[in-house]
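*Asks:* I'll drop the sequence and a predicted model, then ask my questions.
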2 protein chains.
Amino acid sequence: MPVDPQLQQIDLAVIAVAATAEFWATSSATVRSALLEGLAQALEAHQIELVALADEETRLGAGRLSGEVARTAFQLRGFATEVRNGVPYASVDDPAIAGAPPAGRPRLIRVNEPLGPVAMFSASNFPFAFSVLGGDTASALAAGCPVVVKSHSGHPRLSQAVFDIAQGVLKAQGLPAGLLGLVSGASRAAGTYLVQHPHIAAVAFTGSFGGGTALWRAANERPVPVPFFGELGSINPLIALPDILARDGQALASILAGSITMGCGQFCTSPGVIVLLPGEASDRFVDHLATALQPLATHAMLTPAMRQGFDHGVAQLEQAAQARPLFQAAADTRGPAPRLFEVDAQAFIDNAHLREEVFGPCAVVVRAASVAQVNQVLSAIDGTLTATLWGFEQADESARSIYRSARKVAGRVLFGGVPTGVAVTAAQQHGGPWPASTQPQTTSVGYAALQRFLRPVALQDAPAWTLENPGTCA
Amino acid sequence: MPVDPQLQQIDLAVIAVAATAEFWATSSATVRSALLEGLAQALEAHQIELVALADEETRLGAGRLSGEVARTAFQLRGFATEVRNGVPYASVDDPAIAGAPPAGRPRLIRVNEPLGPVAMFSASNFPFAFSVLGGDTASALAAGCPVVVKSHSGHPRLSQAVFDIAQGVLKAQGLPAGLLGLVSGASRAAGTYLVQHPHIAAVAFTGSFGGGTALWRAANERPVPVPFFGELGSINPLIALPDILARDGQALASILAGSITMGCGQFCTSPGVIVLLPGEASDRFVDHLATALQPLATHAMLTPAMRQGFDHGVAQLEQAAQARPLFQAAADTRGPAPRLFEVDAQAFIDNAHLREEVFGPCAVVVRAASVAQVNQVLSAIDGTLTATLWGFEQADESARSIYRSARKVAGRVLFGGVPTGVAVTAAQQHGGPWPASTQPQTTSVGYAALQRFLRPVALQDAPAWTLENPGTCA
């Protein structure tokens, strides 16, 4: 056992969680879905006190936080339904075929095995939906994996309160306390220790590029590397064609200004890059956007470190010769005043700093000279959670080529609306090429998220007893 | 462009392949499946000359090599069928629901986007099935990704001949030559250059642990890391319970000796560890196995480096105080004489060297004192492609616990027969926890292999024209 008391705490939590892994891997759909539903119900039952506590710690406001509790409970129930529908227990059965290979074959049945204990790193910006009982925990439990939650230092008391409520549900349902563990401590050493603990079989992370890549490296440096599902950062380009801006520019500018400042810009899907073609409609749209954005007041950022990060990103844009501020920033309210910059597409393509995510209420307008240059702008973005396309109703050559470019860099392509707001459905994809995700073939929102925590196993010529649904033996 | 001519060759090949990525990503099921079927037919049409060439280079024998051509053609046709059945074009469609979130939502359709150009590293031991037109190439092409093949230095002329045949098929079908590229050169620098080429979007590798982890690290050290699907090594434990050995030990020993020496032990699924419980039946089985194995002649190993690796592994076992040779090795034939060692379970658990894969005709008998110790032996194995369970027809507590232990470390669990021989089916899983696979949730054999090269994209409120099956626009 380590000497450092913080690492000791992690060690004890992981060992307690690991002791439940086999029980949970072989638990029935009834038991598993009842837990997920019990957790949803308990969250709702304690909503008023939890929202008050969350608002004290995050200042996100009761309205937004109540909505987030509803979303978190909805998500837990959605995964319960997936479990009851048998998703984690699904199998593919290939009957034996007599004769020599390659056509002849034994009977093979492909089943799923839960990976084992998951280390889950909470995000700052969703104190419910990406925290103790958020999507990662819900999907891991649904898949049959117990979870050690690393709470976020931005809301430690809320994390403890939600954890205590979850423990109450486990106790009431006669389930082992170790199905869910909680560790705290913001140090890099503590995070590394957790990720490298021999009992940890997978990691789920939502947070900054710097913190995320450090932990991803730690997972890869283990004697036995484990899957690391990290969602690290995204600049979420929005491409608006001139025709739609000519028709509806003012209203769209107002909607976009709202999305840029929503939650003080602290969403992984916040639109950070607005790509426009030449023309009067685009020019007027930029004016409308500047007018709409400049006066908006924001709430305080979640942590001082995030505020520092925002100020640093803005300063970098202010010092870049190629970036022009589109208005003088208003005075800060409780949060930072919104910022809007403009750059030429070639500068954006040439200068990687101009493509860096500024987490907070800031966006960069990229002025492209042609459709070809729009495509070059999209190709210069390594990976992004979303790309939003406005004015793509008609299938002309320009629309087709930009659509293809968007699909190549994004996990979700929107044809209207704004990227903030991520529906929890089977078809959702919240992930994308690096650095949006460390595993771009997986999603951290939506029901496919539970597949992250399962591994296929082929059973060859298996006797009947091994084919009992593992969900029915517990 | 690099100065080194070998790297120049790689650069040119990757650029030519990358130029076809968009065409192939949007190609129709008809075009894609016709290519796969054309490649299968061309392989068969040239079978006699290709087998002769392969036998010159690998000495694997015409029988085995002809079977491998049949398997490779079968596999290409199997992927063609998957394509025709629409697997790479499959989507999940969630209709819009009116109202506020979380229940209300936009329409979301989850589709697949091919990752892009794949770098594929051929294996030494399957000159057809894991080489130029092997499973990785077939599954990548089926998914919509063009492929740069790195040929194996063990069969360069065969690789070139198969590549030339493939180019003939591309030409006959009016497809771009760049859908398939070929590069050679065994140096680590060349491999790293290929993996780190900015146009490469994913890597498929079958080979040694050392070479594989070096390239996996190179992929992770890219400015933009890409998915690396590596199959690196496996010791394939076989657990035989006393009852079945008492009934049928002699016949089973003979079958197992055949599997250990098959292909001179150069299969990733070669059974390297035989775990036995105490008792007379186990003792007699060890005698039978030693008797069956000792006189078997093997063919020459594929490369001098592999022979050196085998000799090194055997020497390490001979020098280990805890390992006892079960017979004096016979004189080498064209290949090395088979080896069989015995160790106590506790030594196997304590000494990682005893758990290392010895690639070639060598196995280690592990003597466990109890079922609990069998489970400890399995837990000490980090990950393995297969685990074989003999005598598990009855569902008693011992069988259940060993079965669970096997599922936790293996990608395929067999209840009879031997692990060599991997059927190409939808339910197959050829992968496993590290080090069996760098991505244990994927398979490199069977039709699920094509999923490695696809990435989900959610289309939100997409107009009808974007939902045309990409397979139908080309």
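*Replies:* Everything's here; your move.
*Asks:* Please make it C-alpha for all contacts and neighbour counts, starting now.
*Replies:* OK.
*Asks:* Please enumerate residues in contact with the longest helix anywhere in chain A?
*Replies:* Ranked by residue count, the top helix of chain A under DSSP state H comes out as helix A:62-84. Helix A:62-84 is contacted from outside by A:29-30, A:32-34, A:36-37, A:39-41, A:43-44, A:47, A:51-52, A:54-55, A:88-89, A:126, A:128-129, A:133-135, A:138-139, A:142-143, A:424, A:447, B:101-103, using Cα atoms under 8 Å, 6 or more residues apart in numbering or on different chains.
*Asks:* helix or strand right after it?
*Replies:* The helix or strand immediately downstream of helix A:62-84 is strand A:92-94, counting by DSSP states H and E.
*Asks:* Tell me if that following strand is near chain B.
*Replies:* Yes. Using Cα under 8 Å from any Cα of the partner chain, strand A:92-94 reaches chain B at A:92-94.
*Asks:* Give me the buried stretch members for that strand, please.
*Replies:* Judged by neighbour count (16 or more other Cα atoms under 10 Å in any protein chain shown), strand A:92-94 contains these buried residues: A:93-94.
*Asks:* Mind listing the strands the next helix-or-strand element following it pairs with, and their directions?
*Replies:* Of the helices and strands lying after strand A:92-94 in sequence (DSSP H and E), the nearest is strand A:108-114. Partners of strand A:108-114 in the sheet, by DSSP bridges, are strand A:92-94 (antiparallel), strand A:454-460 (antiparallel).
*Asks:* quick one, domains of chain A?
*Replies:* A:5-232+A:437-472, A:237-414 (automatic domain parsing).
*Asks:* Can you classify A:Gln6 by secondary structure?
*Replies:* Assigned with DSSP: H, G, I helix; E, B strand; the rest coil, A:Gln6 falls in the helix class.
*Asks:* Could you pull up the residues touching it?
*Replies:* A:185, A:190.
*Asks:* now it: how far from chain B?
*Replies:* In this view, A:Gln6 and chain B are 28 Å apart by Cα to the nearest Cα, to the nearest Å.
*Asks:* repeat for A:Phe392
*Replies:* 8 Å.
*Asks:* Tell me if I'm right that that residue and A:Phe415 touch.
*Replies:* Yes. Shown here, A:Phe392 and A:Phe415 form a contact pair, counting by Cα atoms under 8 Å, at 6.8 Å.
*Asks:* what's the burial count for the nearest residue to A:Val314 once chain neighbours are set aside?
*Replies:* Distances taken as Cα to Cα, 6 or more residues apart in numbering or on different chains place A:Val358 nearest to A:Val314, at 7.2 Å, with adjacent residues excluded. The tally of other residues near A:Val358 (other Cα atoms under 10 Å in any protein chain shown) stands at 26.
*Asks:* List the residues that contact A:Val358.
*Replies:* By Cα under 8 Å, 6+ apart, the residues touching A:Val358 are A:272, A:309-310, A:313-314.
*Asks:* Need the three-state assignment for it.
*Replies:* A:Val358 ends up coil, using three-state DSSP.
*Asks:* Could I get the phi/psi values of it?
*Replies:* Here is the backbone geometry of A:Val358 (degrees, to the nearest 10): phi -110, psi 110.
*Asks:* so how far is A:Pro271 from it?
*Replies:* Applying Cα to Cα, to the nearest Å, the value for A:Val358 to A:Pro271 is 10 Å.
*Asks:* Equivalent analysis for A:Arg339, please.
*Replies:* The gap separating A:Arg339 from A:Pro271 is 13 Å, by Cα to Cα.
*Asks:* Touching both of those two, which residues are there?
*Replies:* Taking Cα under 8 Å, 6+ apart as the criterion, A:Arg339 and A:Pro271 both touch A:Ala363.
*Asks:* Of those two, which one has the most company?
*Replies:* A:Pro271 (29 against 23).
*Asks:* thinking again about what came up before, so which of the strands paired with strand A:108-114 is the most packed in?
*Replies:* Among the strands paired with strand A:108-114, strand A:454-460 has the highest mean neighbour count (mean count of other Cα atoms under 10 Å in any protein chain shown), at a mean of 26.
*Asks:* Hmm, A:Ser437 is touching A:Gly230, no?
*Replies:* Yes. Counting by Cα under 8 Å, A:Ser437 touches A:Gly230, with 5.5 Å between them.
*Asks:* Mind exporting the C-alpha coordinates of the longest helix of chain A to PDB?
*Replies:* The C-alpha coordinates for helix A:62-84 follow below in PDB (Å, rounded to 0.1, in the frame of the first residue of the first chain):
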ATOM      1  CA  ALA A  62     -31.100  26.500 -10.700                       C
ATOM      2  CA  GLY A  63     -32.800  26.300 -14.100                       C
ATOM      3  CA  ARG A  64     -29.900  24.800 -16.000                       C
ATOM      4  CA  LEU A  65     -29.000  22.500 -13.100                       C
ATOM      5  CA  SER A  66     -32.600  21.200 -12.700                       C
ATOM      6  CA  GLY A  67     -32.600  20.500 -16.400                       C
ATOM      7  CA  GLU A  68     -29.400  18.600 -16.000                       C
ATOM      8  CA  VAL A  69     -30.800  16.500 -13.200                       C
ATOM      9  CA  ALA A  70     -33.700  15.600 -15.400                       C
ATOM     10  CA  ARG A  71     -31.300  14.700 -18.200                       C
ATOM     11  CA  THR A  72     -29.200  12.600 -15.900                       C
ATOM     12  CA  ALA A  73     -32.200  10.700 -14.600                       C
ATOM     13  CA  PHE A  74     -33.500  10.200 -18.200                       C
ATOM     14  CA  GLN A  75     -30.100   8.800 -19.200                       C
ATOM     15  CA  LEU A  76     -30.000   6.400 -16.300                       C
ATOM     16  CA  ARG A  77     -33.500   5.100 -17.200                       C
ATOM     17  CA  GLY A  78     -32.500   4.900 -20.900                       C
ATOM     18  CA  PHE A  79     -29.600   2.700 -20.100                       C
ATOM     19  CA  ALA A  80     -31.900   0.600 -17.800                       C
ATOM     20  CA  THR A  81     -34.100   0.100 -20.900                       C
ATOM     21  CA  GLU A  82     -31.100  -1.000 -23.000                       C
ATOM     22  CA  VAL A  83     -30.200  -3.500 -20.300                       C
ATOM     23  CA  ARG A  84     -33.800  -4.900 -20.100                       C
END
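*Asks:* mind listing what's buried in it?
*Replies:* So helix A:62-84, judged by 16+ other Cα under 10 Å, has buried residues A:62, A:65-84.
*Asks:* Now find how far off-centre that helix is within its chain.
*Replies:* Distance, stretch centre to chain centre, for helix A:62-84: 15 Å (Cα atoms, centre = their mean, to the nearest Å).
*Asks:* How about stretch A:365-374?
*Replies:* So, by Cα atoms, centre = their mean, the centroid of stretch A:365-374 is 29 Å from its chain's centroid.
*Asks:* returning to what we had before: I'd like the residues of strand A:92-94 next to chain B laid out as a markdown table, including pLDDT.
*Replies:* Compiled in a markdown table, the residues of strand A:92-94 next to chain B are given as follows (pLDDT from 0 to 100):
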| residue | pLDDT |
| --- | --- |
| A:Val92 | 97 |
| A:Asp93 | 97 |
| A:Asp94 | 97 |
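*Asks:* Perfect, I'm done here.
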